[in-house]
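> what's the 3D shape of this:
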Amino acid sequence: MLGFKNGTLGSAECPDIIRGNPEADLQIKYFYSPFCPHCWKEEPIFKDILDKHGNTFSLETYDIRYCKEETDKYKVIGAPTFVFSNNNENKEVKQHGFLSEEQLKEIIISTNTKHDRIK
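Model (predicted):
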């Protein structure tokens, strides 16, 4: 999983993994549980999008077992949950539940000011 760190399940660090471009305007916070089957389905989708478009956003992953402060702040009620925010536009979108590759790309495009690079 994206939340695995050095071969171990999850981490008490929050976020436990940061991938993509930390300087990007678009920030994605991904709240997951290692016991969530829908989260397992997100893994190959995120891997593909990171491989193709990781330069256009930053992805932070949060294991909901350990990240109570963040889950409370964003009112996370289950996994998976996504919080998309654009640093330039003070724009934030929260989505609960599984997102297909098409849905994820659509939200990234609508939230990202540099959307022309994601097609």
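> What is the neighbour count of residue 66?
For residue 66, the count of nearby residues is 16 (other C-beta atoms under 10 Å). Bear in mind the C-beta positions are built from the backbone N, C-alpha and C, glycine included.
> Now it: closest residue in space, sequence neighbours ignored.
Excluding the flanking residues, the one nearest residue 66 by C-beta to C-beta, 6 or more residues apart in numbering is residue 12, at 4.6 Å.
> Give me the pLDDT for that neighbour.
pLDDT recorded at residue 12 is 72.
> That one contacts residue 62, doesn't it?
No. Residue 12 lies out of contact with residue 62 (C-beta atoms under 8 Å); the separation is 11.1 Å.
> Please identify which of the two sits among more neighbours.
Neighbour count, other C-beta under 10 Å: between residue 12 and residue 62, residue 62 has more, with 28 against 9.
> Just after the top helix by length along the chain, pick out the following helix or strand.
Using DSSP state H, we find that the single longest helix of the chain is helix 37-53. Using DSSP states H and E, the helix or strand that follows helix 37-53 in sequence is strand 57-63.
> Quick one: residues in contact with that following strand.
2-3, 10-11, 14-24, 26-34, 46, 50, 70-71, 108, 112 (C-beta atoms under 8 Å, 6 or more residues apart in numbering).
> I'd like to know which of these are buried.
The neighbour count (16 or more other C-beta atoms under 10 Å) marks 2-3, 10-11, 14-17, 19-20, 24, 26-33, 46, 70-71, 108, 112 as buried among the contacts of strand 57-63.
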